[in-house]
Structures are given as C-alpha cells and as structure tokens.
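Trainee: any chance you could fold what I've pasted below:
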Amino acid sequence: MILPGNASCQGCPISLAMRCLDEIENPVVAMPAGCSTVIAGLHPNSAMKLPVVHVPFASTPAVACGLSEAYKRGGIKANVIAWMGDGAADIGFAVLSASAIRNDDIIVIVVDNEAYMNTGTQASLSTPFGARTTTSPMGKKQGRRNLGLIMVAHRANYVATATVGFIHDLRKKFKKAGKIGGFRFLHVHTPCPPGWKFPSDKTIEVARLAVKTGAWVLYEYENGKIEFSEPGKRFLDKKNRLPLKDYIRMQGRFTLRDEEINIIEEEIDEEIRILSNLKKSQNNKNHNGNF
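Mentor: You can find the predicted model right below:
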C-alpha cells in the first residue's frame, strides 16, 4: 500500500501502519494534514498505492462519510478510511463524535504519536503527563485523553486499540474492521523516534514495551463486549508488567522523578480497572439480563 523510498523519517511507525492497509479490501483514504500527508506525498507523485483525498483537519470524517455514500450510490464497493493523527482527532473531534453517533459507514484510523509531530512536536490531548514538547517545555501537567474509551461510550460498531509493536495483531484488526459495516474505530499506537527522542532503530522495542508496562492496553469492543487482545493480556495483571520506568527512561522527552512516574502508573491502573469493570458488567448483563 506504500512505495519504498517515501518521505517518512527513519524508524517511522506510521509508514509501518500504512503497509497494513493491504488487509482492508478496496481501501480509499481521506487524510488531513500531518506526518501521514508528508509520507503519502501529493499527486502525481504519491507514495500510496491507493486513492487518497487530502482534506482539511476538521472535516476528515465528514468527507469520508460523503465518499462512502457516493460510492454506494454509484454501486461501487469501497472501504472508506478516515486516516488521521491524534492532532487531527483533537481538531476534528466534534465531527468525529457526530460521525460515530450517526454510525457512518466508515473506518476511522487514528495513528497516535502523542503530539503534533509534523509541526514541531506541540502537545496534543494524547500527550501523556510529564512529556516535554515545545508547548510543554517543563512537562505536560495533565494526563492524556483516552480516545478508545470515548468511542466505546459512543457505542461504535467496532473499537480496537493496536500498535506497530505487534503487527500481526494490528493486521488482524484492520482486516476485521474491513469486513464490518457502520462506524469502526482503530486507535494505533505509533511511537515517534524524533518526537519522543529515542534511536530510530528502537521503534518496535519502544512500542512493545508500552504494552508490556501497561502504558498501552490492547483490546477490542464489538457487539457491546470488550475483549482484551492476546499480545497484551498477561500484562493487565500488575505483577506481570515490566517496570514503567524502563519504558519512560527509553525516551528523551521525559525527565521524571519516581513520584511523577507513579502518577502515570496510577493512570494506567485506572484505565485497566475501568476496562475490566466494563468487561465484568457486560458478562453480568449476559448472564442475568441486566447490570
């Protein structure tokens, strides 16, 4: 789905995720400005082997919805994908939320590198607590927004988290999303070497460490049920997790004391607790007919 020799940085995780689009049948991409736009390039010199429509930040899901409806009326089978970074998900969140509520027949893929990387690493709502960016030079004082849980709250047809660290799991989820109708949302963790300040040959190691320390939880939500994904299941239990400081200290964007790392650890524990409680309540509903 992407040609060699493209304009991505060395070790770029977004280009790795782009390669997995071949799991989705007849993909057509609506893409706002960002790192992905630079990688894809502009007609007639695009690096992508599929149709790409470059759109304004806030309109990505709306354009994708329009394309999906147009293809249907023309009798053309296509999976229309709104492909965006976490920055575009910030700027276009109202449109994203409305698209989920309408159950538009599109796939939304957010490649999350936890900042506005293309414009010089400004903090986004996905930037974690303590991370230094050009707009949070002393470290961000707030935690990150959890887009996956927000989409679960919208009761989207399909929600999944994935990472370039476990490509087989990512590919499986892309393929599954391509076979389901309605609104589908995939949140893909994409550690950025220049933005996070780690060597470009460590992308996969950092991505896997995020899962093994609990910093990125892998799950699927479908038919009202949450299921945790196999690559990360054992790390839901705190005693099986690797130390979070191993993950934090691989990245030059963090200079955190132990008590500050504990704040992030508490956020991780809370996310896992919320997801686990949702899973339990769904199981109770299935067995008892109510919560």
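Trainee: so which elements touch the lengthiest helix in the chain?
Mentor: The longest helix of the chain (DSSP state H) is helix 258-288. On a contact count with 3 or more C-beta pairs under 8 Å, 6 or more residues apart in numbering; DSSP states H and E, helix 258-288 meets helix 147-153, strand 225-228, helix 244-248. Bear in mind the C-beta positions are built from the backbone N, C-alpha and C, glycine included.
Trainee: which among those is found nearest to Arg102?
Mentor: Proximity to Arg102 (C-beta to C-beta) singles out helix 147-153 among the helices and strands packed on helix 258-288, at 13.4 Å.
Trainee: distance between the closest one and the chain's centre?
Mentor: Put simply, helix 147-153 sits 11 Å off its chain's centre (C-alpha atoms, centre = their mean, to the nearest Å).
Trainee: for stretch 79-93, same thing?
Mentor: Per C-alpha atoms, centre = their mean, the centroid offset for stretch 79-93 relative to its chain is 10 Å.
Trainee: same deal with stretch 36-49?
Mentor: 21 Å.
Trainee: endpoints of it, how far apart?
Mentor: Counting by C-alpha to C-alpha, to the nearest Å, you get 14 Å between the two ends of stretch 36-49.
Trainee: now the strands: where do they sit in the stretch 51-200 of the chain?
Mentor: With DSSP state E, counting those that start in this stretch as the criterion, the stretch 51-200 of the chain has strands at 52-54, 79-85, 107-112, 158-163, 184-189.
Trainee: quick one: Ala70 from Pro56, how far?
Mentor: 18 Å (C-beta to C-beta, to the nearest Å).
Trainee: same question for Lys72.
Mentor: 23 Å.
Trainee: so which of the strands of the stretch 51-200 of the chain is nearest Gly139?
Mentor: Here strand 107-112 is closest among the strands of the stretch 51-200 of the chain (C-beta to C-beta), at 19.0 Å.
Trainee: what is the mean pLDDT for stretch 181-197?
Mentor: Mean per-residue pLDDT for stretch 181-197: 98.
Trainee: who touches Ile101 in this structure?
Mentor: His154 (C-beta atoms under 8 Å, 6 or more residues apart in numbering).
Trainee: so Ser15: helix, strand or coil?
Mentor: helix (DSSP: H, G, I helix; E, B strand; the rest coil).
Trainee: and the closest residue to it other than its chain neighbours, how many neighbours?
Mentor: Nearest non-adjacent residue to Ser15, counting by C-beta to C-beta, 6 or more residues apart in numbering: Ser8, 4.0 Å away. The burial count assigned to Ser8 is 19, neighbours taken as other C-beta atoms under 10 Å.
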